[in-house]
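In: attaching a predicted model along with its sequence, questions to come.
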Amino acid sequence: MEDTFSNLATYGYIGLFIYSLGGGFIALIGAGVLSYMGKMDLATSMAVAFTANAIGDIMLVYMARYQKSMMMEGLRKHRRKLALSHILMKKYGSWIVLIQKFVYGIKTLVPIAIGLTKYDMKKFILLNIASSVVWVLAFGLGSFYFGAVLSEFAQTVSNKPWIAPIILVVLGGSVWLYMERVTKKK
């Protein structure tokens with residue numbers, strides 16, 4: 001177990017950066033819990049996650065704007081979800097840049113949808129940076145302050161491994177059902 005913590009202290013920040021490029025809040029929660037346990041530094045973890053998250057969304061917008069043919073080829077199966085992102089942009093305006101950070105299933109599609117429109121890039125970058133700050137504070141500090149509860153939960157799942165697949169199926173199924181329902185043809 002000590003080797004695992006040693007590796008996390010050594011390579012954890014690199015993994016956190018790579019995972020946070022795609023908006024991965026689970027790595028940030030893990031870093032917050034490890035910071036609570038004294039294995040990682042909370043401020044460094046939050047800075048790494050913030051930087052990666054902001055860069056990741058800016059890269060998605062940039063690629064969608066200037067590499068449309070490549071992006072559209074990969075999004076062929078997700079046209080309805082992309083249309084949902086456009087509808088959400090029209091409905092919520094600039095707030096969607098903040099909201100998308102917290103909603104699994106649209107956090108990658110909204111920046112792509114923004115890149116495909118004529119949304120002002122400078123405005124997006126400023127909103128994205130502000131949203132990344134809110135995101136990192138919410139998940140980083142939240143997981144640090146709830147570190148005892150989350151470590152106890154992880155220990156319970158470790159002792160009863162059959163719980164993890166059930167949780168994953170329920171959460172994954174809920175997201176899938178929601179996305180199917182909102183993108184269904186009427």
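Out: Perfect, thanks for sending it.
In: for the helix or strand containing V61, name the packing helices and strands.
Out: Assigned by DSSP states H and E, V61 belongs to helix 42-66. Under the contact definition 3 or more Cβ pairs under 8 Å, 6 or more residues apart in numbering; DSSP states H and E, helix 42-66 sits against helix 2-20, helix 25-36, helix 68-74, helix 109-116, helix 121-136. C-beta here means a position set from N, CA and C on the backbone, and glycine is covered the same way.
In: TSV for the ones you listed, including distance to F102?
Out: TSV is the format used below for the helices and strands packed on helix 42-66 (distance: least, Cβ to Cβ, whole Å):
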stretch	distance to F102
helix 2-20	14
helix 25-36	8
helix 68-74	23
helix 109-116	11
helix 121-136	7
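In: can you redo these as CSV with mean neighbour count, mean pLDDT and distance to K101?
Out: Formatted as CSV, the helices and strands packed on helix 42-66 follow (neighbours: other Cβ atoms under 10 Å; pLDDT from 0 to 100; distance: least, Cβ to Cβ, whole Å):
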stretch, mean neighbour count, mean pLDDT, distance to K101
helix 2-20, 15, 74, 11
helix 25-36, 22, 86, 8
helix 68-74, 12, 75, 20
helix 109-116, 24, 84, 9
helix 121-136, 17, 92, 4
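In: so which of the ones you listed is nearest L171?
Out: helix 25-36 (11.0 Å; Cβ to Cβ).
In: between the closest one and helix 121-136, how many degrees?
Out: Here the directions of helix 25-36 and helix 121-136 differ by 50 degrees (axes from the mean of the first three to the mean of the last three Cα atoms, to 10 degrees).
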